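> Here's my sequence, what's the structure:
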Amino acid sequence: MSREAAFARMLDASAKLQWNVAMILEAKAVEAEKVRNWLCNHVTKDAYPQHKESLKETLIIHEQVIEVIDGLTKLNQGMTNVMKAALYQDADNGGMGGMFNGGIEMGDNG
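Predicted coordinates:
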């Protein structure tokens with residue numbers, strides 16, 4: 001496999017990974033909306049006799065949201081490193097310039 005083909009496969013894998021992350025985020029948004037609705041309807045002053053208990057529940061939910069954001073940030077940094085490796089090559093090595101000028105075949109042309 002040529003270097004350009006390997007970079008093209010890396011970019012394809014990165015694009016598929018980004019699609020999957022988008023699907024995860026969409027599902028998380030739906031879940032977050034359901035949680036918000038439940039909280040607005042069920043967590044009232046009367047639900048917790050002490051303010052500390054209410055605050056504790058809220059902090060648990062926020063910690064979970066922060067963990068999701070942190071995980072997605074790390075995933076995004078990894079995808080950025082893949083993109084950098086594929087796109088920012090030295091001019092001496094040819095880089096990806098040939099790929100965008102028709103220098104690489106993306107399949108059988110017949």
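> any idea how far the top helix by length along the chain is from the chain center?
Counting residues, the longest helix found in the chain (DSSP state H) is helix 3-42. From the chain centre to the centre of helix 3-42 is a distance of 5 Å (CA atoms, centre = their mean, to the nearest Å).
> Show me what counts as buried in that helix.
Glu4, Phe7, Ala8, Leu11, Ser14 (16 or more other CB atoms under 10 Å). Using the backbone N, CA and C atoms, a C-beta is placed for each residue, glycine as well.
> Check the first one and give its pLDDT.
Pointing back at Glu4 there. Model confidence at Glu4, given as pLDDT, is 82.
> returning to that earlier point: so which of the buried residues of helix 3-42 would you say is closest to Leu39?
Ser14 (35.9 Å; CB to CB).
> Looking at the buried residues of helix 3-42, which is nearest Ala32?
Of the buried residues of helix 3-42, the one sitting nearest to Ala32 (CB to CB) turns out to be Ser14, at 26.0 Å.
> would JSON lines of the buried residues of helix 3-42 with distance to His62 be doable?
JSON lines is the format used below for the buried residues of helix 3-42 (distance: CB to CB, whole Å):
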{"residue": "Glu4", "distance to His62": "46"}
{"residue": "Phe7", "distance to His62": "40"}
{"residue": "Ala8", "distance to His62": "41"}
{"residue": "Leu11", "distance to His62": "36"}
{"residue": "Ser14", "distance to His62": "31"}
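> Identify the residue nearest the geometric centre of this protein.
By CA atoms, centre = their mean, the mean C-alpha position of the chain lies nearest to Val21, the distance being 4.2 Å.
> how close does that residue get to Ala15?
From Val21 across to Ala15, the span is 11 Å (CB to CB, to the nearest Å).
> Where does pLDDT dip in this structure?
Under the criterion pLDDT under 70, the flagged ranges of the chain are 48, 89-110.
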